[in-house]
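Peer 1: Just to be clear, the model below is a prediction. Sequence and coordinates:
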Amino acid sequence: MVRLKDIAIRAGVSVMTVSKVLRDAPDISAATKARIRLLAQQMGYMPDSIAQGLRNRTSKLFGLVVPSSTNPVFARTIMAIEEQAYELGYDVILAHTLNLPEREDKVVRRLISRRVDGLFLTPVYRLDPSVNLYEELLRRETPTVLLGHRAPFCEKFVNVETDDIGGSHAAAQHLVELGHRRIAFFAGPSAAPASQERLEGYRRALRDANIEFDDRLVFTAGSTTEEGEKAALQFLQEAPGATAVQASNDLVAIGAANVFLNQGLRIPEDLSVVGFGNIMISEHFRVPLTTVRQAKLRLGTAAMESMLRLLKGERPESRRLAAEIIIRKSSGPKKQA
């Protein structure tokens, strides 16, 4: 391993001079800096980031915790955060919780032990009013930005989120404007605030259209393609007379739509289907999916902006980003009897 001393000997200067050059100190001439930097590069010198971190009390590391990077909802947000971190000279350590509280606890504590400068964290939602891990993050004053909605146990943190009520309202309103009066809703995990907001947006759109809410049209569907398939089978078995289905996310909508198509139903002629999220596959599905676009790249950018303010000792406001409906071929007018 090449040391500062080795560069100093080759350059015929002191170790202090080499150190100042690599720190871009102002009291070294431009010519000397250029000569020593070129020599360091030719010798293959690599700075010791751990030693630098100890001196500067910064690791130049961010922790990024999501349920799973294979979930397309998170892919663009991860990319936005990593790209900006790179430009700022930070590296990102990615960890997955798989939506398991005990795994969340372990991965976050490991990141803290790595002395990360800040955390981007998608909470594992639960109904508990407080969670020890989050209380500890507050005590440590670890700069933390939540990716998603706050719940009672994490309400004191800065967050960036999508306006899920507004997006879901727009999706249900679109179906109402197409003439649908009985719209089924495939709901997400009950403990997740985003799922609660999407259900609330659906209910508000019905209320605005003077359509009575019918809980027999609400089916528990979770968040995966497989759970969407199960909800669709239950829907077909119970035959609630709905002419449209609004799903809590695109994966659920695609899983349900596959079942409907395989059962011989035509989309949208027999049944309209609307999702939420605008993941890449939604546009290229067998019947391109009408959905709600989340600003996933912008969410990552907003999260980094909040993080940088936290690192400066400021307290940024939480951010709520608008969502908009994208109309494709899976939604159409109510079938006439």
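Peer 2: It's in. Numbers count the residues shown, from 1 in each chain.
Peer 1: Quick one: neighbours of the closest residue to residue 44 other than its chain neighbours, just the number.
Peer 2: Spatially, and ignoring its direct neighbours in sequence, residue 44 is nearest to residue 2 (5.7 Å; C-beta to C-beta, 6 or more residues apart in numbering). In this view, the C-beta of every residue, glycine as well, is placed from N, C-alpha and C. By other C-beta atoms under 10 Å, the residues close to residue 2 number 13.
Peer 1: do the same with residue 180
Peer 2: For residue 180, the count of nearby residues is 26 (other C-beta under 10 Å).
Peer 1: who are the neighbours in contact with the nearest residue to it once chain neighbours are set aside?
Peer 2: Here the nearest residue to residue 180 in space, its sequence neighbours aside, is residue 244; by C-beta to C-beta, 6+ apart that works out to 4.2 Å. Neighbouring residues of residue 244 by C-beta atoms under 8 Å, 6 or more residues apart in numbering: 175, 178, 180, 182, 183, 184, 271, 272, 273, 274, 331, 334.
Peer 1: Go again with 7 Å.
Peer 2: By C-beta atoms under 7 Å, 6 or more residues apart in numbering, the residues touching residue 244 are 175, 180, 183, 271, 272.
Peer 1: Specify the beta-bridge partners of the third one.
Peer 2: Taking DSSP bridges, one obtains residue 244 as the residues bridged to residue 183.
Peer 1: Pull the contacting residues for it.
Peer 2: 172, 175, 217, 242, 244, 246.
Peer 1: Same check on the fourth one?
Peer 2: Contacts of residue 271 were listed using C-beta under 7 Å, 6+ apart, and they are 243, 244, 245, 260, 265.
Peer 1: Now do the second one, the pLDDT please.
Peer 2: Okay, so that is residue 244. In this prediction, residue 244 carries a pLDDT score of 97.
Peer 1: any idea how far residue 263 is from it?
Peer 2: Separation of residue 244 from residue 263 (C-beta to C-beta, to the nearest Å) stands at 16 Å.
Peer 1: what's in contact with the strand or helix carrying residue 255?
Peer 2: Here residue 255, judged by DSSP states H and E, is contained in helix 250-262. The contact list for helix 250-262 (C-beta under 7 Å, 6+ apart) reads 186, 221-229, 231-233, 245, 247, 267, 271, 273-279, 281-282, 285-287, 289, 291, 330.
Peer 1: In PyMOL, how would I select the buried members of those residues?
Peer 2: In PyMOL, a selection of the buried entries from those looks like this (16 or more other C-beta atoms under 10 Å):
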select buried, resi 186+221+222+223+225+227+228+229+231+232+245+247+267+271+273+274+275+276+277+278+279+282+285+287+289+291+330
